[in-house]
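**Q** Sequence plus predicted model, see below.
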Amino acid sequence: MNLELQMIGTGSAFAKKYFNNNALLKDGDFTLLIDCGVTAPLALHQLNKSFADVDAVLITHIHADHVGGLEELAFKMKFTFHRKIKLYIAESLTSILWEHSLKGGLYQAREITSLEDIFEVCPLTPNKPYFISEHICLELIPNEHIPGKKSYSLYLNNQVFYSSDMIYNPDLLKYLVEERSCGMILHDCQLEGRGEVHTTLDELMRLPEDIRKITYLMHYGDNKDEYHGKTAGMEFIEQGRSYSL
Ligand SMILES: Nc1ccn([C@@H]2O[C@@H]3COP(=O)(O)O[C@H]3[C@H]2O)c(=O)n1
Ligand SMILES: [Zn+2]
Ligand SMILES: [Zn+2]
């Protein structure tokens, strides 16, 4: 596939040791930022990067650890870099993102009155693949996360499933592996407590071995190190490290 995935953060929403669960997906010179949480500017800075290195941003759902850095990104693009990058987002979320999340901070008469004043908005229809660069094919898969709130997982190049935030859905994982040649799963992983809005480690440990073998854990809490060797063979994705896909 020849893509590189670098998690700029691997933490759960309120983790303090890890940044928000956001990623850079690189296809040669093209860099997609997958989610842009509150900590994204600092996370990039600590990797000697900045929003200047980002060519497009994709949003999976509207929670601060996934969109909270967009205000800074937008201001930087508009007034520092003078560049409009592509915003990939489910069509169902475009007006919600502006009206309920970004407008309060970004609105400026005659300058910024809509998402389109900042981004080249690319609304995506779920369950439909889109080539967004030469080698990145992206599909949004609707998932269950928060009651009444739309949120999406990603399926990359018909091979890699990126859960973003979702409750346990083993049937979806089995379907992707058995019917759609999925060879890698990056899954959110709540280490403790009941999985009311996320998937828990206990739930993932119930998956069949062939699925666990290709499952990597992300969006975890600060005490992740206590769970090394206690994950039924599933590896933790490491913040800052680059993975070849
Ligand atoms: N019903 C809810 C809703 C939200 N939350 C917490 O808030 C976080 C928002 O970002 P997240 O990454 O989806 O994780 C959520 C829960 O930690 C929660 O614990 N229970
Ligand atoms: Zn989250
Ligand atoms: Zn969330």
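**A** Great, that's in hand. Ligands and ions are numbered 1, 2, ... in the order given.
**Q** Let me know the helix or strand that the residue in the chain positioned nearest to ligand 1 is in.
**A** Closest residue of the chain to ligand 1, Cβ to the nearest ligand atom: A13 (3.4 Å). No exception for glycine: its C-beta is placed from N, CA and C like everyone else's. For A13, there is no enclosing helix or strand under DSSP states H and E.
**Q** out of everything not next to it in sequence, what's closest to it?
**A** D65 (4.4 Å; Cβ to Cβ, 6 or more residues apart in numbering).
**Q** I132 too?
**A** The spatial neighbour of I132 that comes closest, neighbours along the chain excluded (Cβ to Cβ, 6+ apart), is L138 at 5.4 Å.
**Q** number of nearby residues for that neighbour?
**A** A count of nearby residues for L138, using other Cβ atoms under 10 Å, gives 21.
**Q** Now do the same for it: helix, strand or coil?
**A** strand (DSSP: H, G, I helix; E, B strand; the rest coil).
**Q** That one pairs with what?
**A** As for beta bridges, L138 partners with Y130, L156 under DSSP bridges.
**Q** ok, back up a step: can you name the residues that contact the residue of the chain closest to ligand 1?
**A** Neighbouring residues of A13 by Cβ atoms under 8 Å, 6 or more residues apart in numbering: 20, 63-65.
**Q** cool, S151 as well?
**A** Applying Cβ under 8 Å, 6+ apart, the residues contacting S151 are 60-61, 142-145, 164-166.
**Q** Sort out which residues of whichever helix in the chain runs longest are buried, please.
**A** Taking DSSP state H as the assignment, the helix of the chain that covers the most residues is helix 170-179. For helix 170-179, the neighbour count (16 or more other Cβ atoms under 10 Å) marks 172-173, 176-177 as buried.
**Q** ditto for stretch 138-145
**A** Residues of stretch 138-145 classed as buried by neighbour count (16+ other Cβ under 10 Å): 138-141, 143, 145.
**Q** State the pLDDT value of the residue nearest to A13.
**A** The pLDDT attached to D65 in the predicted structure is 99.
**Q** Tell me which helix or strand it sits in.
**A** Using DSSP H and E, the element containing D65 is helix 64-67.
**Q** same question, V57
**A** strand 56-59.
**Q** Counting by contacts, list what that strand packs against.
**A** Secondary structure elements in contact with strand 56-59, counted by 3 or more Cβ pairs under 8 Å, 6 or more residues apart in numbering; DSSP states H and E, are strand 30-34, helix 70-75, strand 86-90.
**Q** packing partners for the longest one?
**A** If I follow you right, that is helix 70-75. Contacting helix 70-75 under the criterion 3+ Cβ pairs under 8 Å, 6+ apart are the following elements: helix 40-46, strand 56-59, helix 103-106.
**Q** now the first one
**A** For strand 30-34, the elements it packs on are strand 23-27, strand 56-59, judged by 3+ Cβ pairs under 8 Å, 6+ apart.
**Q** Kindly report the same for the last one.
**A** Counting by 3+ Cβ pairs under 8 Å, 6+ apart, the packing neighbours recorded for strand 86-90 are strand 56-59, strand 120-124.
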